[in-house]
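next input, structure requested:
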Amino acid sequence: MKFVLIFGPQAVGKMTVGHELEKITDLKLFHNHMTIELLAPYFGFSREMWGLVNKFRQDIFEAAAISDIYGMIFTYVWGFDLQDDWDYVEKICKIFEDKGAEVYFVELEADLEERIERNKTPHRLEHKPTKRDIARSEQDLKRTMEQHRLNSLDGEIKKEKYIRINNTKITAREVAEIIKNRFAL
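Model prediction:
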C-alpha cells in the first residue's frame, strides 16, 4: 500500500495533479473536498461539518490502509504554523504506516497570480461547488495566505520520501510524471 499526501496552498493544483497521477498509476485519488462537498450543503462550514469531515476521512483512511488497493492519494492544505495541522498529518500517516504502507510527501508551490487564475478553472469548479463563488473563494485564498504559512521552510520536512515542486509554469500532467518517476509509483 502506498499513501501519497499532496499538500500546498489553495488552488496550487493538488487535486488536478492528483487526477493526473491517478490516470498514470494504480493510485486512487481522495481529494480533500470530497468530504467537504458532501457535508457543506447540510451543515455549512460549521464545527459539526468539520467534525464529520474528520470522522469520515479517518474511517476512509482506516479502510484503505487494510484494503488490497495499490494506494491512495490525499490532498491537504497544511498550515505549517498550526500544531493541529502537524498533528493531523502525523495521525493520518500513522494510520497507513501502522499497516506497513509507504508514505510519500509531495509539496506543491506556485505564484499567487497563477493560483488566482487556477481558482477559476472549470476543472476546479466542477469538483468543488463551494468554490464557485469566485470572489469569496479568492478572498479566502488571500486571507488564508496572509494568516498562515502554507508552504514549508527549507529543511522543515524531514521525510526521506519527500519532494517539493514549484508548478507555476508546468502542467499537472508533467508534475504527475515527476512524482511517478521520483517515487517509482
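
now residue 103: phi and psi?
The phi/psi pair for residue 103 (degrees, to the nearest 10) reads phi -110, psi 130.

for residue 71, same thing?
phi 170, psi 170.

ditto for residue 165
Dihedral angles for residue 165 - degrees, to the nearest 10 - are phi -130, psi 130.

that one pairs with what?
residue 108 (DSSP bridges).

so what's the residue count around it?
21 (other Cβ atoms under 10 Å). To be clear about C-beta, it is placed using only N, CA and C from the backbone, and glycine gets the same treatment.

which helix or strand contains residue 163?
Secondary structure from DSSP states H and E places residue 163 in strand 162-166.

what's the answer for residue 106, then?
Secondary structure from DSSP H and E places residue 106 in strand 102-109.

now do the buried residues in that strand.
Applying a neighbour-count criterion of 16 or more other Cβ atoms under 10 Å, one finds 103, 104, 105, 106, 107, 108, 109 buried in strand 102-109.

and those residues, which two are furthest apart?
For the buried residues of strand 102-109, the farthest-apart pair by Cβ to Cβ is 103 and 109; their separation is 20.2 Å.

which ones are touching residue 177?
residue 24 (Cβ atoms under 8 Å, 6 or more residues apart in numbering).
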